[in-house]
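Visitor: Here you go, sequence then predicted model.
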Amino acid sequence: MIDFINEFFTSTYAYNKFFYVIRLMSVITLAGIALGLTGRLLSGLKKNKLKKPGEG
Amino acid sequence: MLYLPFADIMISFQALVLAGLFAGVVAGFFGISGSLLLTPLVNILGLPMTFTVGTNLTYFFGQSVLTSIKNNAFRNIDWKSGFILGASGAGGAYLGKILTMTLERMALTGPVLRSIYALLLLGVVFIMAIDRFHTGSNYLISRYARISAILEKIRDIRIAPIIRMPNNWERSISLWTLLIFGLICGFLTGALGLSGSFIRLPFLVLMLGLPVLTALCTEVLIMLITTGACTAFYAGSGYVEPLVALLLLFCASTGSKLGFMANRYTNRGSLKMPLLLGLGAFTCGIITQQLHHPNVAFILIFFTPLTLTLHITCSAARGYWRSKKFCNVFQV
């Protein structure tokens, strides 16, 4: 997995720096979105868990 | 061990994960900037300073995306000041990157940036120590008045064009003041790898008169633009380690969440003294690293956040146990 990530970025950097920047920023943005949505989902689940049944 | 192809070094995977986690917990619990802790921590693990700055900025970019999604930050943004400060910040970040690259060519990045970090941390420790020993409300009021008077003087600089704040029509400010301020913050971000929130947030609230929630959301937009530009600049020069940035994003954000959760069970104010001592030891670690004592520096820099994290965990566990006991007494 780690080798794959290293290869994924180094090969793009060797090919074209501009594509590498776009690729790196896309991966980081996607990771941020995924973590943000997970955080929202978890806090939403916690809020629902605190409510009593039939509370709405 | 983890091989980092851009820096061409090996680094301990476990140490990196723990560093991200500890820095996240301490920053999330005390609400302080994680950048002041994270840069020396990653640097002591063996990553050269320029790579550390570039990688940390990439992590901050991911962190600001995360914050904007998680807190739905785009609802409450003051777009005008956000874009002006963000764009000037990107320009300043480019200048900062040029300075770092010049220092890198002279092989001075490590010593110079470490000295600046040590000075900044000493300043933070000094202010915290003064706050600790002057607890009276008169002191706080007089300090607030002094800061407001300085900001008032800066706001009185009237060089055309003047712009008005959309949610506060009585306030107006010169566009040049905003641009220069954004440029300075961006320069600090680009050169040192600092987020710059600790300067920008007071400016947004006290100077532009934005409500706290709007200021926080606008800060996220400014961070997105500035750190995005920094990521592009540093990645284009090959000074970003993507794997480290991704690991830090996962670990530090998890740690930050845990630190924030610990606030529910323990009082942050009661742990100010340990934080003060911890930051003091951390600063000593940076100075020791500068004096070429790597083992002592590693112990001070790496184990200080660990000790603080353990202290926070114990304190939160005690608070949780007490609250449970209290609930049980009432249930009986």
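Guide: Yes, it's here.

Visitor: same question for the helix ranked longest in chain A, mean pLDDT?
Guide: If you go by DSSP state H, chain A has its longest helix at helix A:17-50. Mean pLDDT, helix A:17-50: 84.

Visitor: Just want the most central residue of chain A.
Guide: residue A:31 (1.8 Å; C-alpha atoms, centre = their mean).

Visitor: Double-check that one against residue B:59; I have them as touching.
Guide: No: contact criterion C-beta atoms under 8 Å: residue A:31 and residue B:59 do not qualify, at 10.1 Å. Backbone N, C-alpha and C define where each C-beta goes, glycine included.

Visitor: shared neighbours of these two, which are they?
Guide: residue B:249 (C-beta atoms under 8 Å, 6 or more residues apart in numbering or on different chains).

Visitor: ok so, going back, give me the buried positions along the longest helix of chain A.
Guide: By 16 or more other C-beta atoms under 10 Å in any protein chain shown, the buried positions in helix A:17-50 come out as A:20-21, A:23-25, A:27-29, A:31-33, A:35-36, A:39.

Visitor: same for chain B: which of the residues you listed are within range?
Guide: Restricting the buried residues of helix A:17-50 to those touching chain B (C-beta under 8 Å from any C-beta of the partner chain) yields A:20-21, A:24-25, A:27-29, A:31-33, A:35-36, A:39.

Visitor: and which of those residues is nearest residue B:140?
Guide: residue A:39 (33.8 Å; C-beta to C-beta).

Visitor: Any figure for the gap between the closest one and residue B:261?
Guide: From residue A:39 over to residue B:261 the distance is 12 Å, taken as C-beta to C-beta, to the nearest Å.

Visitor: Check residue B:50 too.
Guide: On the measure of C-beta to C-beta, residue B:50 and residue B:261 end up 35 Å apart.

Visitor: who's more crowded, these two?
Guide: residue B:50 (23 against 13; other C-beta atoms under 10 Å in any protein chain shown).

Visitor: correct me, but the more buried one touches residue B:107?
Guide: No: in this structure, residue B:50 is not within contact of residue B:107 by C-beta under 8 Å, at 10.4 Å.

Visitor: residue boundaries of the strands in the stretch 201-332 of chain B?
Guide: Counting by DSSP state E, counting those that start in this stretch, one finds no strands in the stretch 201-332 of chain B.

Visitor: Which pLDDT value does the model give residue A:55?
Guide: pLDDT, read off for residue A:55, is 53.

Visitor: Oh, that last question was meant for residue B:10, not what I typed.
Guide: According to the predicted model, the pLDDT of residue B:10 comes to 88.

Visitor: Run a quick neighbour tally on it.
Guide: Counted with other C-beta under 10 Å, the neighbours of residue B:10 add up to 11.

Visitor: for residue B:300, same thing?
Guide: Number of residues near residue B:300 (other C-beta under 10 Å) recorded here: 22.

Visitor: Against residue A:18, how distant is it?
Guide: Relative to residue A:18, and taking C-beta to C-beta, residue B:300 is found at 41 Å.

Visitor: Residues of chain B that sit close to chain A?
Guide: So far as C-beta under 8 Å from any C-beta goes, chain B lies against chain A at B:2-6, B:58, B:61-70, B:228, B:231-232, B:235-236, B:238, B:240, B:242-243, B:245-246, B:249-250, B:253, B:257.

Visitor: if we go to 7 Å?
Guide: Listed as neighbours of chain A in chain B under the rule C-beta under 7 Å from any C-beta of the partner chain: B:2-3, B:5, B:58, B:61-62, B:65-66, B:69-70, B:228, B:231-232, B:235-236, B:238, B:240, B:242-243, B:245-246, B:249, B:253, B:257.

Visitor: Alongside chain B, which residues does chain A contribute?
Guide: Counting by C-beta under 7 Å from any C-beta, chain A sits next to chain B at A:2, A:5-6, A:9-10, A:13, A:17, A:20-21, A:24-25, A:27-29, A:31-33, A:35-37, A:39-40.

Visitor: Which residues are in contact with residue B:246?
Guide: Residues near residue B:246 by C-beta atoms under 7 Å, 6 or more residues apart in numbering or on different chains: residue A:31.

Visitor: same check, this time on residue B:58
Guide: Neighbours of residue B:58 in contact, by C-beta under 7 Å, 6+ apart: A:28, B:231, B:240, B:245.

Visitor: out of those, which is most surrounded?
Guide: residue B:240 (32 neighbours).

Visitor: and that residue, what is it in contact with?
Guide: Counting by C-beta under 7 Å, 6+ apart, the residues that residue B:240 touches are A:24, B:6, B:54-55, B:58, B:231, B:234.

Visitor: Kindly recompute the last result at 10 Å.
Guide: With contacts defined as C-beta atoms under 10 Å, 6 or more residues apart in numbering or on different chains, residue B:240 is in contact with A:9, A:13, A:20-21, A:24, A:28, B:6-7, B:50-51, B:53-59, B:230-234.

Visitor: Just the pLDDT for it.
Guide: On the pLDDT scale, residue B:240 gets 90.

Visitor: Also the one 3 residues further on?
Guide: In the predicted model, residue B:243 carries a pLDDT score of 90.

Visitor: Excluding chain neighbours, give the residue nearest to it in space.
Guide: Among residues not flanking residue B:243 along the chain, residue A:5 sits closest, at 5.5 Å (C-beta to C-beta, 6 or more residues apart in numbering or on different chains).

Visitor: That neighbour: which element?
Guide: Using DSSP states H and E, residue A:5 maps to helix A:2-15.
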